[in-house]
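Trainee: Whatever this is, show me its structure:
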Amino acid sequence: MRRRYRLKNKKRFAALILVLILASVFMGFIVNAGASSPQVYDHQVIKVAKGDTLWEIASIYSRNSDIREYIYNIKKLNDLSGDTIYAGQVLLLP
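Mentor: Purely as a prediction, here's the structure:
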């Protein structure tokens with residue numbers, strides 16, 4: 001035999017459902033709050049021409065800073081393991 005449940009207080013049940021819905025919505029907002037903020041990068045993008053070297057690019061685009069440090073930052077930003085770059089390659093410059 002199937003058992004039937006009967007609500008004794010419909011207002012209390014409706015209030016409970018409303019509280020559960022609001023709690024789940026606010027939890028969703030809290031979880032997504034940190035993930036929705038866009039990151040803004042201030043990098044210059046260049047395309048490597050034939051004959052370009054990292055030293056030449058760094059000497060042109062570094063703003064009176066140490067060229068060796070600027071080359072290190074270029075390699076770190078672009079995940080370059082060596083000093084070799086190729087024509088047509090796109091580089092991000094700090």
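Trainee: This protein: strands as residue ranges?
Mentor: For the chain, the strands defined by DSSP state E occupy 44-47, 90-93.
Trainee: For W55, find the nearest of those.
Mentor: Minimum separation from W55 across those (Cβ to Cβ) falls at strand 90-93, 13.2 Å. From N, CA and C alone the C-beta is placed, and that goes for glycine too.
Trainee: Just say which of the strands of the chain is most tucked in.
Mentor: strand 90-93 (a mean of 15; mean count of other Cβ atoms under 10 Å).
Trainee: Quick check: can you name the pairing partners of it and their directions?
Mentor: Counting by DSSP bridges, the strands paired with strand 90-93 are strand 44-47 (antiparallel).
Trainee: need the contact list for I46.
Mentor: 57, 61, 90-91, 93 (Cβ atoms under 8 Å, 6 or more residues apart in numbering).
Trainee: could I get the residues you listed as CSV with pLDDT and distance to Y72?
Mentor: CSV is the format used below for these (pLDDT from 0 to 100; distance: Cβ to Cβ, whole Å):
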residue, pLDDT, distance to Y72
I57, 91, 13
Y61, 89, 14
V90, 92, 19
L91, 92, 14
L93, 91, 13
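Trainee: just for this protein, where's the confidence low?
Mentor: Judged against pLDDT under 70, the low-scoring parts of the chain cover residues 34-40.
Trainee: ranges for the helices of it?
Mentor: 10-33, 54-61, 67-77 (DSSP state H).
Trainee: the domain parsing of this protein - what is it?
Mentor: 7-38, 44-93 (automatic domain parsing).
Trainee: closest one to M1 among these?
Mentor: domain 7-38 (20.3 Å).
Trainee: follow-up on the earlier one: closest to R3 among the contacts of I46?
Mentor: Nearest to R3 among the contacts of I46, with distances taken as Cβ to Cβ, is V90, at 68.3 Å.
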